[in-house]
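[1] Quick one, fold the following:
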Amino acid sequence: MEDTALPRWQAPDVVLAPEQLAQARKDADKALAEDRLFREAGDAIPLYLAILAQKPGDRAAQRGLDKARQRLRALANARMAQTEGQRLALAEAAMLVSVAVALAPEGKAEQALQERIATARRLLALNRAGEQALRQGQFGEDGGGAQAAFREVLAADPDNSRARQGLAAVESGLIRRAERAAALDSDFAAAQRWLGKAGTVRGEGPTLIDARARIEAIRTAQLDALRNAGLRDLTSSKGLKDARDKLAQAERIALPGDATVELLRARIELVTHYGSFRPRQVFSDALQDGGRGPQMVVVPHGTFLMGATQEEIGGRDAERPQHEVRFERGFAMSITEVTVADFRRFVEATHARPRATRRGHSVVYDERSGNFIRRSGVDWQSDYNGVRAAPNSPVMHVSVRDAEAYAAWLSEQTGRYYRLPSESEFEYALRAGNQGRYPWGKAAIPPPNTGNFTGSLDVSPSGRHWNNAFIGYGDGFWGTAPVGMYNANAWGLHDMAGNLSEWVADCWHASYRRAPADGAAWYNPGCRQRVIRGGNWANAPEQTRAAWRQSQDSDVTSARIGFRLVRGI
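    Numbers count the residues shown, from 1 in each chain. Down below sits the predicted model:
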């Protein structure tokens, strides 16, 4: 600790002749008025002392000296009251008092002030030592360090704001260690130990209560992430092993009886022993509100070549390179696109306000112009042309976020993990074992009743025909058709290639280079450009190819995009 001893002052030598006394008095009085008190031979105190040495009874010099002492004490008190530059201010105060003490060694006011300055300098040294320990991370949680220095200051001066701030900084430092232990190492036992040490600094105040809440929020977020990752593992080729690893991590950080851990454990148990499904089996899950979820069909596991070949007519670089994707486990996919009735149940149960509802408009087909235009008042309840949609119509005018919100609600309602299909899952199910250019194979014209496509036989209400269509094909609808109107594909899925294009879980990538080969979604958190797959009622034939894909902003809503879901089995 730095030296806090008070300095000693010795008056500068002043030699006066008798004839100089009168002028010396004037010079001393002037120096006193200008606060030039003691440093130089021409300052007030050295001059008064020299006058008194020549003429001990000089009353004017004695009065001047008394005034100088008073001024020294006043200046010293002013320095002690400074909050900025305390170290220098106290050193100056000590020098001022040392002069006053030299003038009046027995003066009670000077002695008291001298003691106050000595104490202040000692406390300042302690505060500085505590702050240095803080910078070095020596908090003193087990004795010594910054905490001991600040407590010693407060024992002598309970209202010392600098020491109080120092203790608050000690508490904050211990809390930061707790948060790092939780956030970086998932070591919540260590986090609790650090919080316990922080609690000994200033007690269980609001700061510590907030810190405990943050630690628990970190724990909850990690548990939620482990649960969600474990649930995803259960529906991917990684399977049970990785999910069990997530469960072990969750058990290590969770408090006893944690519901998140229990949910993940129950799901793993379910998957481990769930042997009742079979390929192409149809089922639906019960909802908590008494209804049923969308009908699902089990898509068999297997391998396929995803994307377009180099020779494919109409193929684009975004659809290449063609690559093998393997599904170690089957998955369940909704047989049809999600309907207006399905989506209405979600909106009414959650009071959700999907994107087009909030925005107040969406893109519809305008019969008068034959173009797609933005129209106000259109949302998920609307059909392709903006009129009210039938309950069994595929829901459209929904963003990818709306689709994901529906999937999350359905997961809560059923206790199963529903989500958007990955792009590879969608193409795999679209092809249904077929590697042709189109979902139905190599034929340039769809077989009858295959789906809702742009056919040359289709006619709009005002008599319009498609300029670019499958020649000789007609499906009976100009716009969207009710779901399930046409033949299912080989795996029991309807409308995969037509009716509406559909959102999938992947972010847009300009090609398949480095794409996942295990069926997982290729997703980058925060991406705005997402993928739609499958042709729709207004697509050109080239856009109905099995490999066709397109980028869309995640906020887009239109009369040509809907969605369906998958869930793990």
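[2] so where do the strands sit in the stretch 351-500 of the chain?
    361-366, 371-376, 418-419 (DSSP state E, counting those that start in this stretch).
[3] nearest to Gln249, of these?
    Closest approach to Gln249 among the strands of the stretch 351-500 of the chain (CB to CB): strand 418-419, 21.7 Å. Glycine gets a C-beta too; all of them are placed from N, C-alpha and C.
[4] so what secondary structure elements neighbour that closest one?
    Under the contact criterion of 3 or more CB pairs under 8 Å, 6 or more residues apart in numbering; DSSP states H and E, strand 418-419 touches helix 400-414, strand 566-568.
[5] Okay, now the sheet partners of it, with direction.
    Sheet partners assigned to strand 418-419 using DSSP bridges are listed as strand 566-568 (antiparallel).
[6] for the strand it pairs with, what is the average pLDDT?
    The average pLDDT for strand 566-568 rounds to 92.
[7] quick revisit: tell me which of the helices and strands packed on strand 418-419 sits most buried.
    Burial of the helices and strands packed on strand 418-419 is given as mean neighbour count (mean count of other CB atoms under 10 Å); strand 566-568 ranks first at a mean of 22.
[8] Break down the stretch 151-300 of the chain into its strands, ranges please.
    282-283, 296-299.
[9] which one of the ones you listed is the most hemmed in?
    The most buried one of the strands of the stretch 151-300 of the chain (mean count of other CB under 10 Å) is strand 296-299, showing a mean of 22.
[10] Mind picking out the helix or strand in this protein with the poorest mean pLDDT?
    Taking mean pLDDT, DSSP states H and E as the measure, the helix or strand of the chain with the lowest value is helix 259-273, at a mean of 81.
[11] Only the buried residues of that one, if you could.
    Under the neighbour-count criterion of 16 or more other CB atoms under 10 Å, helix 259-273 has 260-261, 263-265, 267-268, 271 buried.
[12] what's the spacing between it and its chain's center?
    Offset of helix 259-273 from its chain centre (CA atoms, centre = their mean, to the nearest Å): 27 Å.
[13] do the same with stretch 340-360
    Mean C-alpha position of stretch 340-360 versus that of the full chain (CA atoms, centre = their mean) differs by 26 Å.
[14] So for Asn536, which of the helices and strands packed on strand 418-419 sits nearest?
    Closest to Asn536 of these, according to CB to CB: helix 400-414, at 15.4 Å.
[15] got the residue ranges for the helices in the stretch 151-300 of the chain?
    Remark: helices assigned in the stretch 151-300 of the chain by DSSP state H, counting those that start in this stretch are 161-185, 188-202, 206-234, 239-253, 259-273.
[16] Reformat the ones you listed into TSV and put distance to Ala33 next to each item.
    Compiled in TSV, the helices of the stretch 151-300 of the chain are given as follows (distance: least, CB to CB, whole Å):
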stretch	distance to Ala33
helix 161-185	36
helix 188-202	50
helix 206-234	52
helix 239-253	74
helix 259-273	79
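[17] got the contact list for the least confident helix or strand of the chain?
    For helix 259-273, the external contacting residues (CB atoms under 8 Å, 6 or more residues apart in numbering) are 220, 223-224, 226-227, 230-231, 234, 240, 243-244, 246-247, 250-251, 254, 417, 568.
[18] just for the stretch 301-450 of the chain, where's the confidence low?
    In the prediction, the stretch 301-450 of the chain carries no residues with pLDDT under 70.
[19] Going by neighbour count, which residues in stretch 8-15 are buried?
    Buried residues in stretch 8-15 (16+ other CB under 10 Å): 9, 11, 14.
[20] how distant is that stretch from the center of its chain?
    Relative to the centre of its chain, stretch 8-15 is centred 68 Å away, using CA atoms, centre = their mean.
[21] export that stretch as CSV, just CAs?
    In CSV, the C-alpha atoms belonging to stretch 8-15 read as follows (Å, rounded to 0.1, in the frame of the first residue of the first chain):
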residue,chain,number,x,y,z
ARG,A,8,6.9,18.2,7.2
TRP,A,9,7.1,21.8,6.3
GLN,A,10,10.1,24.1,6.9
ALA,A,11,9.8,27.9,6.2
PRO,A,12,12.1,29.3,3.5
ASP,A,13,14.8,31.6,4.9
VAL,A,14,13.9,35.3,4.8
VAL,A,15,16.4,38.0,5.9
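[22] model confidence over that stretch, on average?
    88.
[23] got a list of contacts for that stretch?
    Outside stretch 8-15, the residues that reach it (CB under 8 Å, 6+ apart) are 38-41, 43, 45-47, 49-50, 95, 98-99, 101-102.
[24] Swap in 7 Å and give it another go.
    For stretch 8-15, contacts defined as CB atoms under 7 Å, 6 or more residues apart in numbering pick out 38, 40-41, 45-47, 49-50, 95, 98-99, 102.
[25] Any quick ChimeraX command for the buried ones out of the residues you listed?
    Entered in ChimeraX, the line below selects the buried ones among those, by 16+ other CB under 10 Å:
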select :38,45,46,47,49,50,95,98,99,102
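[26] Farthest-apart pair in the contacts of stretch 8-15, please.
    Ala50 and Met95 (20.7 Å).
[27] Quick check: the gap between the residue nearest to the spatial centre of the chain and Ala408.
    Nearest to the geometric centre of the chain sits Ala221, at 10.4 Å (CA atoms, centre = their mean). Computed as CB to CB, to the nearest Å, the Ala221 to Ala408 distance reads 16 Å.
[28] try Val338
    According to CB to CB, Val338 stands 13 Å off from Ala408.
[29] What of Ala24?
    Counting by CB to CB, the gap from Ala24 to Ala408 is 93 Å.
[30] just Glu425 next, same as before
    The value you get for Glu425 to Ala408, if CB to CB is used, is 18 Å.
[31] got it, and His361?
    Counting by CB to CB - His361 and Ala408 are separated by 25 Å.
[32] ok, now Phe304?
    For Phe304, the distance to Ala408 equals 29 Å [CB to CB].
[33] got it, and Leu72?
    With distances taken as CB to CB, Leu72 is found 76 Å from Ala408.
[34] Please apply the same query to Met496.
    Distance from Met496 to Ala408, by CB to CB: 23 Å.
[35] Right, I'll leave it there.
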